[in-house]
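coords please:
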Amino acid sequence: MLKKYASDSSRRFDLILVEDYAKADRDLLEKQFQIDPLLLEYVDDKNGPARIESDDSLEDTVIVFWVPISERSHSEPISVIFHKQQMFVFLNSKMIFIHDTIMDLLEQSEGDRVNFLLDLLQLTLNKYLDIISNLFERTEHIQTHLSSHRNSRNFENLTRVNRSVVFLRSAVKENADCFSQIHAFFKDAHVEVQTTAARKLRKLNLAVRQSTRLIDLISENVEQLSDAYDRLINNDLNAIMRFLTVWSLLLAIPPIVSGFYGMNMHLPLAAGSLAWLISLIVTVILMVALIIYLHHHHSL
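As a prediction, the model looks like this:
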């Protein structure tokens, strides 16, 4: 479905939103707008990396980058095509954040499509930074309660954070590689970058470096938390095994003593009415001796 927003006195280009891009839309774009089919192939590739490509004449350009779908880590690619004096944005109905952002920019933004694109990229990066900040808070909460609450819930939270970081890192890294090439690409394509756009490019580059640094930092933090959690679980398991081993050794002594005295053979101190008491005393002495031995050898 195509929605066209015509140029006006403040916005010097036509914006066409292509929502839930389908084959019928492709046919329309090729026939009515004469968009190069090669550029539309990049739009079709939903598993491709973030990139900037153009046709042989460098007049038509496609930019593919990743955008967050929700407050979580899930991201999907969005495509932008510069064709003549038009700007085509391909998105789906799940991209609520991007759709709302574009609507806001239509009301506030002024100038050409380069400035519009840079504003959109900046707001996309800001959204990722917000999600990363939220992950930082979650990791700090897990770290605070790691030693005192080693339960399945904290482990599940750590697993979810780790999964979110993996997906976010991929999207942020690809966007960083793509955005870092924008200035050079516009120069090669002879796209004039005004002072305002140049300032936005510098701001975008700063945001790219910040997002990359933060996602690397949180990735390292989550990895350290996972290692610490594994060590704590292993220590708890070792303590449990040590406890069970000690008690299994102690509880093995009474059957051994009673087994000897239950044999059909003559044993010392086996005669008399106090033989059972003597066997208990021998059992206690052996158990105490074992406790002293284990304590002396740091097994307790």
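
Around Arg199, how many other residues sit close by?
12 (other C-beta atoms under 10 Å). In this view, the C-beta of every residue, glycine as well, is placed from N, C-alpha and C.

Just checking, which helix or strand succeeds the helix or strand it falls within along the chain?
Take DSSP states H and E as the rule and Arg199 turns out to sit in helix 195-261. Tracing the chain past helix 195-261, the next element assigned as helix or strand by DSSP H and E is helix 275-296.

buried set for that following helix?
In terms of neighbour count (16 or more other C-beta atoms under 10 Å), helix 275-296 has its buried residues at Ser279, Val282, Thr283, Met287, Leu290, Leu294.

Redo those as TSV? Include pLDDT.
Listed next are the buried residues of helix 275-296 as TSV, based on pLDDT from 0 to 100:
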residue	pLDDT
Ser279	76
Val282	81
Thr283	84
Met287	84
Leu290	84
Leu294	79
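
how near is the spatially most central residue of the chain to Leu129?
Centroid check for the chain by C-alpha atoms, centre = their mean gives Val165 as the closest residue, at 1.7 Å. Remark: distance between Val165 and Leu129 (C-beta to C-beta, to the nearest Å) = 14 Å.

ditto for Arg163
When Arg163 is compared with Leu129 (using C-beta to C-beta), they lie 19 Å apart.

More neighbours: which of those two?
Leu129 (16 against 13).

Figure out the helix or strand that the more buried one lives in.
Counting by DSSP H and E, Leu129 is part of helix 113-144.

and after that helix, which helix or strand comes next?
Trace forward from helix 113-144 with DSSP H and E and the next one is helix 152-179.

what's the burial count for the closest residue in space to Glu19 that isn't next to it in sequence?
Once flanking residues are discounted, Glu19 sits nearest to Met1: 4.9 Å by C-beta to C-beta, 6 or more residues apart in numbering. Number of residues near Met1 (other C-beta under 10 Å) recorded here: 11.

In this structure Met1 contacts Asp20, no?
Yes. Between Met1 and Asp20 there is a contact at 6.3 Å, judged by C-beta atoms under 8 Å.

Under the pLDDT cut-off, which ranges of the stretch 151-300 of the chain? List them.
Low-confidence segments of the stretch 151-300 of the chain (pLDDT under 70): 151-154, 183-194, 261-273, 298-300.

Show me where the stretch 1-150 of the chain has its helices.
23-32, 37-44, 96-108, 113-144 (DSSP state H, counting those that start in this stretch).

now the last one and helix 96-108, what's the angle there?
Orientation of helix 113-144 against helix 96-108 (axes from the mean of the first three to the mean of the last three C-alpha atoms, to 10 degrees) gives an angle of 140 degrees.

And for the shortest one?
When the same axes, to 10 degrees is applied, the directions of helix 37-44 and helix 96-108 differ by 130 degrees.

Show me what helix 37-44 is packed up against.
helix 23-32, strand 51-54, strand 61-68, strand 75-83 (3 or more C-beta pairs under 8 Å, 6 or more residues apart in numbering; DSSP states H and E).

list the helices and strands the longest one packs on?
Using 3+ C-beta pairs under 8 Å, 6+ apart as the contact definition, the elements that helix 23-32 packs against are helix 37-44.

what's the angle from the helix it packs on to strand 61-68?
Going by the same axes, to 10 degrees, helix 37-44 makes 0 degrees with strand 61-68.
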